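1. Sharing a sequence plus its predicted fold:
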Amino acid sequence: MDFNFYYFNIIQLIFLIFYLIYYSKLKPLLGFIQSFLSGFLGGFLILLSAPFLLNFIDYKNDLVVAFFKAAFVEKAISFILIFLLIFSFERKKDIVKIVIAGIQYAAGFSFLENIIYLFNFDSNLAFLRLISSVPMHLSTCGIQSFFIGLAFFYSLKRWKIFNFFLAILIPVALHGFYDFLTFHKKEEFYYFIGPMIVFSVYVFEILYSKTQIYPKLQELKENNLRFEDWNTLQTQKGYQQWILYSSGTKNLPKISFFRFQKDYIKLTISAFMLVQSILYYVFPEFFLKNFQVRLEFQYTLFFIMPISFAIMFFILGSVNPEYFKNKKIAIPIVLDVDILLPEKKIYHSLCYELKTYSTFLESEEEFKEGSNLLLIFHYKKDVSYPVQSKIVKYIGNQNSKNYPSGIIVSLNKGSKEFLYFYIRYWFFRILNGFVFLLNLPGSDKIREFFVKPLTIMQVERSYKKGEIIFRQGEVGKLFYLIKKGKVSFYRELESQEKIKISELGVGEIFGEMALVSDSFRSATAICEEDCILAVAHKDHLEALIQSNPEFVMQLINNLVKILRKKDEQLDDYQRLLEEHRKLENLFQEILAKINS
């Protein structure tokens, strides 16, 4: 019995210490002590409240015991204490510190709870709880503190309430299922405890890696951004990257979801756990002889749990934070937007995702923050009723974070017709998302909803008035879309004379014909005024040709115009030849009359 006690306590201490060192570095020491003692306090409160709960809970129902008496009560108390811990010690300025406080709280709670288990549970079940409850508490309290942190960061009341709700719901669901498995006195249920904990730890890993890209509260204040607005901008960048990757654009950096870290201590512990499970499988007699464990617990304690611990140690830090910077799983259904200003001007824009509280509209025009706009959204053949909106934030072309230029708007409460449009849009987006991501029949046609010139051509360049974009005779490597300004095209004749042949404005594309035909530039492009141009390479052009029928039709129309101009030039040349022949015949007739 003593050997059992030391063995299982060593395992839980290894995980506890490693987890704390890996995530919180135990620094600052005062903060660690505050959080650890708060966890201790949480354990005492649950111990004191247990007799009162006996009068209200039906202990004959395992689900009620697991989800209410154990999970809900524990997570409700941890929610209150972590909230107070964050609020009282000024940790709400950094989500990473908030999550670390939750982990440290869980360490103190687990330490006290496991002492209680040893004196109140059957020894075999106590050993199972000893080695399994620590990672469960650390991960669920980490998840809980993550959502509490988000609630602190959000400005809008509804998002605060929603994240506080998730801070209770998700940890209770995970912990409740774990408790249900441990309270149920059937061997088959014990087999799922290890995988359940691995799942909980990995959920926490994903959320913790996302905290690495979140800004601090001070950074948001310096940039005059709400967390909702920052999230909208990140979503915009994520959709832009998603479109490039999904459209088959070449030469993009590959950012994997997983990352491998050469942490030899972590790998050594994982290998040790795997070896233990193999030894039990090969030499079960050794474990039967040295451990006083009942038959129904042996397979779980000596085979499944070591494998689960090996996986848990291996996945610590395995989720790549860079993946969440510019990645998006959901597909965008790009909306065209008409911006109607009070002075009866109309600007055209794009929107990747329609949200009532914070929507980003691409635009090169300068808008005043706080101004009111009237917006009309449309996709496919569906057009919204006009909706009033307010400019929350203007993002200029030259910003330090390389955000796309445009405006963040919050939509006012619209009409019923706009609400119906909003619902139709989201249903359309979800339905097409499933079709596209599952690669179902018809998925190729969905690309036209997000593969457009403005979404593919994401690199912007600014040009001054009179600046030359490219010269006649140069090799064509790029094509352009005018986002602001006007561009004129001049052809140089053999006589060195320059002739203006055309002029293009906002929304028009040029330079693509040289890429399609692999030919030289047929004219020189010069900015008539200060311009902002979207620039793209040949692989972007190929993506547009493959995925956007409207763009292909535009290319065909341009080719037809060029051919028509060539025909007109040929007709002019033939007319000149005919006139030349007539003049020559007339000259011959005159000469003949003179000679006669």
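-> The structure has been received and is ready for your questions. Numbering: from 1, shown residues only.

2. Show residues contacting the helix or strand harbouring F204.
-> F204 is part of helix 193-211 when elements are defined by DSSP states H and E. If you take Cβ atoms under 8 Å, 6 or more residues apart in numbering as the criterion, helix 193-211 is touched by 23, 95-96, 99, 128, 132, 135-136, 138-140, 142-143, 146, 149, 170, 174, 177-178, 181-182, 300, 304-305, 307-309, 311-312, 315-321, 323-324. C-beta coordinates here come from the backbone N, C-alpha and C atoms, glycine included.

3. What's the PyMOL syntax to select whichever of those residues are buried?
-> Provided next is the PyMOL selection string for whichever of the contacts of helix 193-211 are buried by 16 or more other Cβ atoms under 10 Å:
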select buried, resi 23+95+96+99+128+132+135+136+138+139+140+142+143+146+149+170+174+177+178+181+182+300+304+305+307+308+309+311+312+315+316+317+318+319+320+323+324
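
4. Show the average pLDDT along the helix or strand following the helix holding F204.
-> Sequence-wise, the next helix or strand downstream of helix 193-211 (DSSP H and E) is helix 217-222. The average pLDDT within helix 217-222 is 85.

5. Which helix or strand in this protein has the lowest average pLDDT?
-> In the chain, no helix or strand scores lower on mean pLDDT, DSSP states H and E than helix 2-24, which sits at a mean of 59.

6. Any regions of the stretch 251-400 of the chain where pLDDT drops low?
-> The model of the stretch 251-400 of the chain has pLDDT under 70 over residues 251, 326-330, 343, 397-400.

7. what ranges do the strands span in it?
-> Counting by DSSP state E, counting those that start in this stretch, the stretch 251-400 of the chain has strands at residues 335-340, 346-351, 359-362, 372-379, 382-383, 387-395.

8. Counting by contacts, list what the third one packs against.
-> Spelled out, it's strand 359-362. helix 227-246, strand 346-351, strand 406-411 (3 or more Cβ pairs under 8 Å, 6 or more residues apart in numbering; DSSP states H and E).

9. For L454, which of the ones you listed is the nearest?
-> strand 346-351 (5.4 Å; Cβ to Cβ).

10. and F421, how far is that from L374?
-> The gap separating F421 from L374 is 15 Å, by Cβ to Cβ, to the nearest Å.

11. Please say which of the two ends up with more neighbours.
-> F421 (21 against 14; other Cβ atoms under 10 Å).

12. Spatially, what comes nearest to that one if we skip its sequence neighbours?
-> Distances taken as Cβ to Cβ, 6 or more residues apart in numbering put S384 closest to F421, at 4.1 Å, once the chain neighbours are dropped.

13. contacting residues for the one you found?
-> L375, I376, F377, H378, E417, F418, F421, Y422.

14. who's in contact with the residue nearest to the fourth one when sequence neighbours are not counted?
-> Counting by Cβ to Cβ, 6+ apart, D336 is the residue found nearest to H378 once chain neighbours are left out, at 5.3 Å. For D336, the residues meeting the contact criterion (Cβ under 8 Å, 6+ apart) are H348, S349, L350, F377, H378, Y379.

15. Tell me what D336 is bridged to.
-> D336 has the following beta-bridge partners by DSSP bridges: L350, H378.

16. what's the distance between it and S495?
-> 46 Å.

17. so what are the domain limits for the chain?
-> The chain resolves into domains spanning 2-211, 335-447, 457-547, 550-596 when parsed by automatic domain parsing.

18. Give me whichever of the ones you listed is most buried.
-> domain 2-211 (a mean of 19; mean count of other Cβ atoms under 10 Å).

19. Work out for me the element I77 sits within.
-> helix 73-88.

20. any idea how far that helix is from the chain center?
-> Mean-position distance between helix 73-88 and its chain equals 29 Å (Cα atoms, centre = their mean, to the nearest Å).
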